[in-house]
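Enquirer: below are the sequence and a predicted model; questions follow.
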Amino acid sequence: MNALTRWLETYFDEVEPKDFYREIFPVGELDVQGAFSKGKYTGVIVEVTDRSRKSKNGKEKPVIKRYSITDDLGIIDDVLKSGNFCLTAPISYAGKERGADNARFLYAIAVDVDDIIVKEDGTPQGLIDLWNAHIQRVERIPKPTMIVSSGAGLHLYYVFEKAVPLFPNIAKQLQKYKHELTRIIWNEGIVDIKTDDDIQYEGIYQGFRMPGTITKAGKRDGTNERARAFLTGGKVSMEYMNDFVSDKYRVTEFAYKSNLSLSEAKEKYPEWFERRVKNGEKGVLNPWHVSRRLYDWWKEQILKGAKVRHRYWCLWVLAIYAKKCSFYDEKHNPNPVTREELERDAWNLMDYLESLTDSEDNHFTEIDVMEALEAFEDSYISYPKNSIRYKSAIPFEQQIKRREIPLKQEDHLEEARAIRDIRMKRKGKDWRDGNGRPKGSSSSKQKMVDYLRLYPDARKCDVINGTGLSKPTVYKYYDMARKEADYFPTLDDILERSLDESFENWLGLKAGTGEESENNQADS
């Protein structure tokens with residue numbers, strides 16, 4: 001028994017594997033086996049078997065099996081008997097694929113903590129400090145619901161009182177939150193690392209070794225050591241979790257499962273609803289065509305600069321770049337990267353990445369390869385460069401698009417007028433001829449506004465009859481005119497709007513959206 005498990009066993013009650021997953025997935029949360037009920041989903045288990053098969057290039061790779069966790073949790077007992085590496089995430093999915101596109105609800109945030117400080121006499125000082133100082137006394141770190149001793153490290157599970165739906169806006173904030181929570185937990189008094197670059201950041205979709213399944217060390221040395229879970233606290237709310245991070249990392253746009261209906265989701269996330277629910281679209285709307293040279297270049301970077309603690313992320317980025325370069329274009333990408341090519345390259349790189357291992361507790365295994373391949377999907381296709389550099393720890397020069405300094409408005413207009421005059425002179429015409437505004441064209445909407453202020457209950461047909469405007473014109477401007485007719489700005493409104501617009505321009509924001517420009521967006 002390792003030192004971490006021994007300490008946890010001394011101070012906390014152990015949780016059996018099936019009870020562990022019942023804590024995460026309460027009765028009635030998951031779908032019944034074979035029912036395929038609308039609005040019900042299942043968990044997913046991934047098993048890396050001892051069997052292998054040859055790929056097209058003759059490389060051996062393990063056979064992967066996937067299982068659905070249903071409401072009865074019956075599959076848990078069967079999987080634990082296998083003696084293989086088994087992973088799952090505290091998430092429900094539509095189907096057996098663990099991609100972000102299929103993820104529906106998040107039931108817990110799980111944080112992996114490795115390199116915990118252990119003294120020469122076997123005292124797990126890092127774990128003691130984590131619990132006694134940072135959780136109990138200082139309350140710098142939130143109290144986890146359960147802690148899993150996975151062998152060489154710990155998995156801290158913060159189980160939600162109510163599941164959180166993984167809508168795009170919410171998922172993005174949760175990713176950012178977990179990144180900051182991981183940084184806080186990987187404290188220098190808890191883990192033995194040299195710099196912050198050694199922190200292992202993982203996303204909310206990451207799978208973890210199941211309690212009750214064999215550990216890396218147990219598999220390697222034949223002791224059959226198993227991952228074990230311990231109950232350390234109660235379930236948490238997102239409000240409670242937010243108290244431990246600064247404002248910019250807090251999850252502010254979230255709704256619990258029982259409080260958000262499909263109609264509410266439509267109102268809160270209209271673009272997502274239109275794209276995914278109404279139109280049934282999956283993936284990106286407008287994929288761009290990136291040459292496979294990007295993919296080939298990144299393979300070279302892995303061989304040149306991959307480092308221990310970042311090897312998984314190097315392959316993860318390779319999967320992202322493979323997806324970016326998977327769209328066919330006759331001119332720009334005539335030889336796109338396929339899923340089969342990505343898998344072949346990833347398994348070929350495994351031996352090299354394993355050769356970098358500097359500790360018996362940190363081997364690079366088939367599980368790491370399999371998990372990294374999950375990034376081959378549309379949801380990661382626009383992953384930002386800064387995050388790629390940060391996660392992979394491979395520096396590369398960022399190509400900066402150089403733009404000319406824009407002209408002042410008066411200089412720009414001066415050049416435009418000069419070009420206009422030259423072109424019209426060639427034609428022997430005056431640009432003023434025939435360019436007057438058509439009679440009444442600018443007054444149509446205002447005429448409707450004035451009419452609606454006199455007759456607030458007027459319908460579209462009443463406006464047509466009362467103003468003499470054409471039916472297409474009334475139907476085009478009716479809604480806008482209705483809003484303007486109901487709104488009379490005060491002096492304070494005018495001043496406030498002027499100040500807001502000036503402030504947005506000063507910040508370099510898109511006018512009227514409150515969103516930063518693409519080059520200034522923060523990484524999630």
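Expert: Perfect, thanks for sending it. Numbers count the residues shown, from 1 in each chain.

Enquirer: got a list of what residue 204 touches?
Expert: Contacts here follow CB atoms under 8 Å, 6 or more residues apart in numbering; on that basis residue 204 touches 91, 106, 109, 166, 171, 174-175, 178. (C-beta placed from N, C-alpha, C; glycine too.)

Enquirer: ok, now with 7 Å
Expert: Shown in contact with residue 204 (CB atoms under 7 Å, 6 or more residues apart in numbering): 106, 109, 171, 174-175, 178.

Enquirer: so which strand or helix has residue 170?
Expert: helix 168-185 (DSSP states H and E).

Enquirer: quick one: distance of the helix or strand just after that helix to the chain centre.
Expert: Sequence order places strand 208-209 as the next helix or strand after helix 168-185, per DSSP H and E. Centroid separation for strand 208-209 versus its chain: 19 Å, with CA atoms, centre = their mean, to the nearest Å.

Enquirer: what of stretch 162-181?
Expert: 7 Å.

Enquirer: kindly export that stretch (C-alpha atoms) in PDB.
Expert: Below are the C-alpha coordinates for stretch 162-181, written out as PDB (Å, rounded to 0.1, in the frame of the first residue of the first chain):
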ATOM      1  CA  LYS A 162     -27.000  19.400  -9.300                       C
ATOM      2  CA  ALA A 163     -25.400  18.600 -12.700                       C
ATOM      3  CA  VAL A 164     -24.400  21.500 -14.900                       C
ATOM      4  CA  PRO A 165     -25.400  21.400 -18.600                       C
ATOM      5  CA  LEU A 166     -22.400  21.700 -20.900                       C
ATOM      6  CA  PHE A 167     -23.600  24.400 -23.200                       C
ATOM      7  CA  PRO A 168     -20.700  26.100 -25.100                       C
ATOM      8  CA  ASN A 169     -20.700  29.200 -23.000                       C
ATOM      9  CA  ILE A 170     -20.800  27.300 -19.800                       C
ATOM     10  CA  ALA A 171     -18.100  24.700 -20.900                       C
ATOM     11  CA  LYS A 172     -15.700  27.500 -21.800                       C
ATOM     12  CA  GLN A 173     -16.000  29.200 -18.400                       C
ATOM     13  CA  LEU A 174     -15.700  25.800 -16.600                       C
ATOM     14  CA  GLN A 175     -12.500  25.100 -18.600                       C
ATOM     15  CA  LYS A 176     -11.100  28.400 -17.500                       C
ATOM     16  CA  TYR A 177     -12.200  27.800 -13.900                       C
ATOM     17  CA  LYS A 178     -10.600  24.300 -13.700                       C
ATOM     18  CA  HIS A 179      -7.300  25.700 -15.100                       C
ATOM     19  CA  GLU A 180      -7.100  28.200 -12.200                       C
ATOM     20  CA  LEU A 181      -8.200  25.700  -9.600                       C
END
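
Enquirer: buried ones in it, by neighbour count?
Expert: Using 16 or more other CB atoms under 10 Å as the burial criterion, the residues of stretch 162-181 that qualify are 163-167, 169-171, 173-181.

Enquirer: could you do stretch 66-76 as well?
Expert: For stretch 66-76, by 16+ other CB under 10 Å, it's 67-71, 73, 75-76.

Enquirer: what backbone torsions are found at the most far-flung residue of the chain relative to its centre?
Expert: The outermost residue of the chain relative to its centre, with distances by CA atoms, centre = their mean, is residue 428 at 59.8 Å. When read as degrees, to the nearest 10, the backbone of residue 428 gives phi 70, psi 30.

Enquirer: coming back round to it: show me which pair in the contacts of residue 204 is furthest apart.
Expert: The most widely separated members of the contacts of residue 204, counting by CB to CB, are 109 and 171 (12.0 Å).
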